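**Student:** test case, fold it:
(chains A and B)
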Amino acid sequence: MKRMITLFSVLLLINTNPALAIEVNEIVAKANHAAYYQGDDGRARVKMEIIDKQGRKRTRDFVILRKDIGDDDKEQKFYVYFNRPADVNKTVFMVWKHIDKDDDRWMYLPALDLVKRIAATDERTSFVGSDFFYEDVSGRNPTEDTHELLETTDNYYILKSTPKNPDTVEFSYFKSYIHKTSFIPVKVEFYDKGGKKYREASVEKVENIQGYQTVTQGKMKDLRTGSQTILSYSAVQYDIDLPEDIFTERYLRNPPMNYIRR
Amino acid sequence: MLLISEYAADKPKSFMWGALLLSMLFIIFVAGGSLFPKQFSFIPSIKIDTDPENMLSSDEPVRIFHNERKKEYNIYDIIVVGVVNKKNEAGVFNPQSLKNIYDLGEYARQIAWSGEKGQEGVIEAEIISPSNVDNIEQAGLGTVRFEWLMKQPPQNEKEAKEIYDKAANIPFLKDTLVSGDGKAIALYIPITSKNISYKVADKLKEKISQFKGDDEYYITGLPIAQDTFGIEMFKQMAISAPMAMLLIFALMWYFFKSIKLIISPMIVAMVSVIITMGALILTGNTIHIMSSMIPVFIMPIAVLDAVHILSDFFDTYPRYKNRRKAIAHVMEELSKPMFFTTLTTAAGFGSLAFTPIPPVQIFGIFIAFGVLMAWILTITLVPAYIMLMNEKSLEGFGGVHHQDNPSSPMAKLLYKTGSFTYNHAKIVLLIMVILIGISVYGINKIEINDNPVKWFNKNHDIRIADKELNQRFAGTYMAYLELSSKNDLKEQFLTELTKSLNSNNEQQNILKNNLPKLGSDINAIKDFIYSKQDEATNDDIYYAWNDVAIIVDNIYGKFEIFKQPDMLRYIEKLQNHLLKTDLVGKSNALPDIVKTVYRELFLGEEKYFTIPDTQNAIAQTLMTYQNSHRPNDLWHFTTPSYDKTILWIQLKSGDNKDMNQVVKTVEDFLSSNKAPIELKHNWFGLTYINMLWQEKMVSGMMEAFLGSFIIVLIMMIFLFRSLLWGLLSMVPLTITIAFIYGIIGLIGKDYDMPVAVLSSLSLGLAIDYAIHFLARSREAAKKHGKWKDTVKAVFGEPARAITRNVIVIGAGFTPLLFAPLVPYNTVGFFISAILFFAGIATLLILPSLIKIMERLLFKQERKTS
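**Tutor:** Sure thing, here's the model as predicted:
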């Protein structure tokens, strides 16, 4: 019995090795920054292509505006303005991303002249019919998962992230492949409760824009439905001094066109 | 024919060994191919096919359409699991039951394995269970919420009740996922293919057996019914057919008193069945619901001729006291009628080859083959067998001392019958006319209908589940109605776009000039604009192109016809109209999605449960809907180009006649209510396919029957070398068939698949008795002259042979009445009835007609001979 305890404490020691733990958290923090927090704010035109198992393609075009609140990679605001298809033209989604509480989300449906809050109890629902979730667009809070470094290869840190509260999500864990120098998570694989991979995000294209390594094309595949969504970013601009007040309900009906179109 | 019988009688051993060897060979080949498919890859193995879809050939347009649309709309075959709790006041909406349902739903997600065709099992993303569907509802003022209906099992009664309330508020889920009475839940588990349903159901049952509580689980759905049918079918082949055989054996023993002797018809029947079924399997054909009945059909027909031989031998032997001579006499007398009865039976079944239904074709062809096989075996093996018997064992056989001698009750009765027909011919014929009248009345009342679930008897688990679920939910039988534009929308789009583009605008002009190259494909046009936007050196050009794209979208939108308010209202009207028929429990379609989401966007107020007024409003409502966990559910109802839409119509019954009624209702609606855009419609779904093959079968059977009737008539005219005698021989079968179908109409039995096939069986069997009776009447008339004297002779041995036949074979099929599969019951009952009536018709009507037409018949006879 005594021997067992000793063995157990050794294992415990290894797992709590402070040097290693810091390293993992650092990787996660840097990856989080690279994926969502480059620059103080930004703007991009996005072409969304949803291609289903049958090869049928649907496209949606929108402009995304982002502003960070503070420099601590936490609070953020997003404004998504739809151009096309024409029948959803002027539709807006707005998100206030929070760290210690649920995000605030709004949508504006021009044809119904309706501003509506979307309850954020579950952010893992489809973003406008695509294979991306709301959470993929605004970013999952790293503190919701425990992270461990599985492997370090020549180019990547391979992390396994396990949710602290598994009942709130549909995955049991996800694995990310984080590029060693840019810290961009180039591939993220989601595994279901049976241990089967069912969802995969990947970075298809990276460009250097204003000195920031920027993902200009990303893909999300749903392995269950065989559907995939490609997001292509163009006219990406950072540090454009977006005023914070355009990220308010008032601007949903009256979009800040001077920031949306430049 | 005689030659081969004589040859067999001379070399009995070689014939018996030959038959044995042949059977062994067939058995070895079939067993080898099925048990060791690898080593015997050149031999086809046993293939079971219980899929009613295969009643239609796989290249049938409706099936091709069905499969295409299933793919297009992501529709799968579904196992339905109903959960009912009759003890708890709240039904299954209590924490314990919902915990079980949750566990079952989550367990079902993981049922998958890699099989021959790749990944097999449950289609996880498409499961409909409380933990796998979305609820959309108000979450406080101005807030809308998407959440899993039951993300976690509820902790208390109140939460459990809430799950019901939420689901009942969503038209999709009400009466589909949760029952209207608030007591039951149904899970819909889609699977990769029908033939794994039994395996999946087994896994579900295993899980269910671990649950505690008073919940009752009902597993049903067409795939389950079909798979189960296959298993029961095998049981029946293994139980009913041998039971029938045993009973026939016992009855023959009773009549002929010699076990040794009656083994020969048994051998004939066995070998015929083995060779026919062997040939069926080895030619790569499947064992289908129809072909599984082949043994049951071949057996009576195979025994029939042998009984004639034995019967004659039984009566003849005492005269000769010599096997060889007695056989020669019997074969002399019987070979001609036997040959013709065989040909007519084979023709009757062979005519099924011309029906448009592949399993029925196979059935007909192989029975015809089996009948010919049985004939060859009968005329060789029966004489051979008799020759192999010890002459001593025949001592005291037949003849005077048995109950079958002319003073036996049967003989006396037949003798009396004979004189009755002579003395009261007119009365017999009058009764016949009355019966025909009643039959015609009955036939007019026949209802054509079938339902694969009703192939199981009432007490079968599947029928019970079917009843329970259809009482509580909106119906488990699904049919899909697709609506699409009658005109080519793409061409119209291109024409209108070309017209609308302004040549004075730089970008519009560029697109206009490129349109002929791009064609009507919206994605090609969009990609062209995207490429121009990518080339744009500044935002002005980019947005100039964006404006062009919006023009394109707006024109394209006009052809996204099922995003338009008036079209959705039209569908809504059709849905309401369908509900007025009691047959449709519910229909799900695009308007239901739009109305539900629109209502929830406006505080859940009932007055917003309506279709918004503009196309953009509909588009934005639908985009909101797609913010859920299951955005692709939309594509179960329409395509991304919104040029087609389908209605999911839930029927409470799978009866073909009900489906037929729904089809008519839709047709009436569409023709009397003009759609804003001219529509065409198409049906698919198993319930519809079942209806179609039924219709095809009825008309096909009718044609096949009429065809074989004429062929047999020509054969009879040829056999008797007389039109009159030929027509006469057709009388008993005509009356038998009229009478049988009259009864079916009168007792309200549906005209279904087995009933349809019975007409061929009647034709095949009833003509036999007439041939034997008439052929021997003519033989006897040559000897006796006047009919008055002839009738006595005919009602001797020939009548006894027919009567023995009726009793042996008719009673032999009663075991089928106890089978758990209704088609077997039907066949069992009607085979007996057909034999009975054909016997009566032959023994009563034919002699009465001959009496009335004696002069005409025999005058002609004298002329011809």
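**Student:** which residues of the chain score low on pLDDT?
**Tutor:** Going with chain A. Within chain A, the stretches with pLDDT under 70 are A:1-22, A:120.
**Student:** wait, I meant chain B there
**Tutor:** B:1-2, B:34, B:37-43, B:141-142, B:393-407, B:860-865.
**Student:** what residues are up against B:I75?
**Tutor:** The contact partners of B:I75, by C-beta atoms under 8 Å, 6 or more residues apart in numbering or on different chains, come to B:R69, B:Y480, B:H636. In this view, the C-beta of every residue, glycine as well, is placed from N, C-alpha and C.
**Student:** which SS class is it?
**Tutor:** Classification of B:I75 by DSSP: H, G, I helix; E, B strand; the rest coil places it in coil.
**Student:** from B:V122, how far off is it?
**Tutor:** 15 Å (C-beta to C-beta, to the nearest Å).
**Student:** so what's the residue count around residue 209?
**Tutor:** Answering for chain A, as no chain was given. 18 (other C-beta atoms under 10 Å in any protein chain shown).
**Student:** look at chain B instead
**Tutor:** 8.
**Student:** hey, C-alpha coordinates of stretch B:290-303 in PDB?
**Tutor:** Extracted in PDB, the C-alpha atoms of stretch B:290-303 (Å, rounded to 0.1, in the frame of the first residue of the first chain):
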ATOM      1  CA  MET B 290     -43.100 -14.600 -53.200                       C
ATOM      2  CA  SER B 291     -40.400 -17.200 -54.000                       C
ATOM      3  CA  SER B 292     -40.500 -18.400 -50.400                       C
ATOM      4  CA  MET B 293     -43.900 -19.800 -51.100                       C
ATOM      5  CA  ILE B 294     -42.700 -21.900 -54.000                       C
ATOM      6  CA  PRO B 295     -42.300 -25.100 -52.000                       C
ATOM      7  CA  VAL B 296     -45.800 -24.600 -50.600                       C
ATOM      8  CA  PHE B 297     -47.200 -24.300 -54.100                       C
ATOM      9  CA  ILE B 298     -45.200 -27.100 -55.700                       C
ATOM     10  CA  MET B 299     -46.000 -29.700 -53.100                       C
ATOM     11  CA  PRO B 300     -49.700 -30.100 -53.800                       C
ATOM     12  CA  ILE B 301     -49.200 -30.000 -57.500                       C
ATOM     13  CA  ALA B 302     -46.400 -32.600 -57.300                       C
ATOM     14  CA  VAL B 303     -48.400 -34.900 -55.200                       C
END
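**Student:** how far is that stretch from where the chain is centred?
**Tutor:** 18 Å (C-alpha atoms, centre = their mean, to the nearest Å).
**Student:** stretch B:569-589 now?
**Tutor:** So, by C-alpha atoms, centre = their mean, the centroid of stretch B:569-589 is 28 Å from its chain's centroid.
**Student:** kindly report the same for stretch B:683-691.
**Tutor:** For stretch B:683-691, the distance to the chain centre is 12 Å (C-alpha atoms, centre = their mean).
**Student:** identify all contacting residues around it.
**Tutor:** So stretch B:683-691 is contacted by B:52-53, B:55-56, B:62-63, B:65-66, B:69-70, B:222, B:450-452, B:477-482, B:651, B:654, B:656, B:659-660, B:663 (C-beta under 8 Å, 6+ apart).
**Student:** only the buried subset of those, as a PyMOL command please.
**Tutor:** Per 16 or more other C-beta atoms under 10 Å in any protein chain shown, the buried members of the contacts of stretch B:683-691 correspond to this PyMOL selection:
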select buried, chain B and resi 52+53+55+56+62+63+66+69+222+450+451+452+477+478+479+480+481+482+651+654+656+659+660+663
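**Student:** can you flag which of the contacts of stretch B:683-691 belong to helices?
**Tutor:** B:V62, B:R63, B:F65, B:H66, B:R69, B:K70, B:L222, B:N656, B:M659, B:N660, B:V663 (DSSP state H).
**Student:** distance to chain A for those residues - can I get that in a markdown table?
**Tutor:** Formatted as a markdown table, the ones in helices among the contacts of stretch B:683-691 follow (distance: C-beta to the nearest C-beta, whole Å):
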| residue | distance to chain A |
| --- | --- |
| B:V62 | 21 |
| B:R63 | 20 |
| B:F65 | 16 |
| B:H66 | 16 |
| B:R69 | 12 |
| B:K70 | 12 |
| B:L222 | 24 |
| B:N656 | 32 |
| B:M659 | 28 |
| B:N660 | 32 |
| B:V663 | 28 |
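**Student:** now render the residues you listed as a markdown table, adding distance to A:E170.
**Tutor:** Converted to a markdown table, the ones in helices among the contacts of stretch B:683-691 look like this (distance: C-beta to C-beta, whole Å):
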| residue | distance to A:E170 |
| --- | --- |
| B:V62 | 39 |
| B:R63 | 37 |
| B:F65 | 36 |
| B:H66 | 33 |
| B:R69 | 30 |
| B:K70 | 27 |
| B:L222 | 30 |
| B:N656 | 42 |
| B:M659 | 39 |
| B:N660 | 44 |
| B:V663 | 41 |
